[in-house]
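Engineer: could you look at this predicted model? Sequence included:
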Amino acid sequence: MNEKFVEEQRSAPFYAQERTTVDEQQSQEQKHTRLEQVRHQAHEHLAAQQWAAAQRLFQALLAEDAYDEDALLGLAAALDGGNQFEELFTIAQRVLEIDLNSALALAYKARALQKLERLSAATVANDQALLLDTNLGLAWINRSGLQLLQSKFPEALRSAERAIELAPKDARAWANYGVALRNFNRLAESLDAFDKSLSFDQRQLFSLQMKGDILCRIGRMREVLPIVQQGLEISPVDVPLLLLGVQAARSLELYETVKNLAQILLQLIPDHLGACENYVRSLRGLGEFAEANIALDRLLELDANNPRFWTLKADTLYRLERYREAVTIAERARRLDMEYQPARRIHEKALKLMYQRKEKKKSQAKQPSDETL
């Protein structure tokens, strides 16, 4: 009995150690399973273009393992999608510290450098990526973008075509293709390319801008305003879209829309001459001449040597029946450009009505009042 007890006492530490080892293995397996679930969810967010959610999960993975290359590259993709290019550059550098020959990390580095306007360094990094992997779609997207920025349009077109072959569902590849086509005035094909880009990413702001610009150029103004609205839902202060909206709305004589968009532009850029002019014209189009007259003072502060703006001021005063002031302002417009016919015409009209009013006052003064009868 005593021998059995002694034997059990001797074996107890061994069994305890074995149980501890089993518990640790189970714990590690559970942790691994949990992290793989997080990784799977992070990649799902990435595929759904939910950039912020994807970033959080990849960062959680990196908190467990700072050298997790898959998590680093996933985070790079999420930062790229979220237009966080300084952070993208940092993450790409971290990947390259782990794997110097990572073509994808070099391509992300090149993309970050391009967006940070360091074009020479971006070109070097991207060329290195293509040396390592000639079939890397992102690197061809980068190359076409860099060539477009350098006005190498034939080369950019060929690179964009290659990018589409390798990454046919990447909105950026189609956007670069559309820009390249536009530079050859192949507007119908360019429009199709931007439509294709938007079919893969409806929030591709650049493609919305370019599509709106082409539609304006070919006179399809009614199609521009829905694009502007869609873009402003993504970025309410996007200046190119606001300008396109003003242009389209003015051509359609939708003055209330022009007024609203021009006001937003003037809040963003108070000295924007085009926005100020369109704001004035929208007020005139709405018959708000008193407000237009005040706004014209600001327009003339921005450009005091434009006979067209002085004529606009004279015409506004004319419509407010302030004929004497209209004559004075019209004379100023004529001094700036003696050949500018609208200034001559408003001067003649205002002068005529000014004298008519003067004669009318004289005749009324000569008529006897009822008290003298």
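Structural biologist: Thanks, I have the structure now. Residues are numbered from 1 along each chain as shown.

Engineer: could you check the pLDDT of His32?
Structural biologist: Per-residue pLDDT puts His32 at 77.

Engineer: please, which helix or strand holds it?
Structural biologist: If you go by DSSP states H and E, His32 is part of helix 2-47.

Engineer: report the buried residues of the helix or strand following that helix.
Structural biologist: Using DSSP H and E, the helix or strand that follows helix 2-47 in sequence is helix 51-64. Residues of helix 51-64 classed as buried: Trp51, Ala53, Ala54, Gln55, Leu57, Phe58, Leu61, Leu62 (neighbour count, 16 or more other C-beta atoms under 10 Å). For the C-beta atoms, the positions are set from N, CA and C on the backbone; glycine is no exception.

Engineer: kindly report the same for stretch 44-51.
Structural biologist: Residues of stretch 44-51 classed as buried by neighbour count (16+ other C-beta under 10 Å): His45, Leu46, Gln49, Gln50, Trp51.

Engineer: the last one and Gly285, how far apart?
Structural biologist: It refers to Trp51. Using C-beta to C-beta, to the nearest Å, Trp51 is found at 41 Å from Gly285.

Engineer: what do you get for the third one?
Structural biologist: Distance of Gln49 to Gly285, given as C-beta to C-beta: 40 Å.

Engineer: for the fourth one, same thing?
Structural biologist: As defined by C-beta to C-beta, Gln50 lies at a distance of 43 Å from Gly285.

Engineer: try the second one
Structural biologist: Applying C-beta to C-beta, the value for Leu46 to Gly285 is 48 Å.

Engineer: check Asp337 too.
Structural biologist: Using C-beta to C-beta, we find Asp337 at a distance of 25 Å from Gly285.

Engineer: ramachandran angles for Asp201?
Structural biologist: With angles defined as degrees, to the nearest 10, Asp201 sits at phi -150, psi 100.

Engineer: residues contacting the residue lying closest to it once chain neighbours are set aside?
Structural biologist: Excluding its sequence neighbours, the residue lying closest to Asp201 (C-beta to C-beta, 6 or more residues apart in numbering) is Ala171, at 3.6 Å. Taking C-beta atoms under 8 Å, 6 or more residues apart in numbering as the contact definition, Ala171 lies against Ser197, Leu198, Phe200, Asp201, Gln204, Ser207.

Engineer: and of the buried residues of helix 51-64, the nearest to Leu149?
Structural biologist: Proximity of the buried residues of helix 51-64 to Leu149 (C-beta to C-beta) peaks at Trp51, which lies at 24.1 Å.

Engineer: isn't the closest one right up against Ala78?
Structural biologist: Yes: in this structure, Trp51 is within contact of Ala78 by C-beta atoms under 8 Å, at 4.8 Å.

Engineer: pull up the overlap in contacts between these two.
Structural biologist: The contact sets of Trp51 and Ala78 overlap at His45 (C-beta under 8 Å, 6+ apart).

Engineer: Provide a list of residues in contact with Leu283.
Structural biologist: Going by C-beta under 8 Å, 6+ apart, Leu283 touches Tyr255, Lys259, Phe289, Glu291, Ala292, Ala295.

Engineer: apply 6 Å and report the result again.
Structural biologist: Leu283 is in contact with Glu291, Ala292, counting by C-beta atoms under 6 Å, 6 or more residues apart in numbering.

Engineer: that one and Ala112, how far apart?
Structural biologist: As judged by C-beta to C-beta, Leu283 and Ala112 stand 45 Å apart.

Engineer: neighbours of Cys216, how many?
Structural biologist: Per other C-beta atoms under 10 Å, the neighbour tally for Cys216 reads 19.

Engineer: in what helix or strand does it lie?
Structural biologist: Here Cys216, judged by DSSP H and E, is contained in helix 205-217.

Engineer: contact partners of that helix?
Structural biologist: For helix 205-217, the external contacting residues (C-beta under 6 Å, 6+ apart) are 175, 187, 191, 194, 197-198, 223-224, 227, 231, 234-235, 240-241, 244, 247.

Engineer: stretch 37-51 now?
Structural biologist: Residues from elsewhere that reach stretch 37-51 (C-beta under 6 Å, 6+ apart): Ala53, Ala54, Leu57, Phe58, Ala60, Gly74, Ala77, Ala78, Gly81, Gly82.
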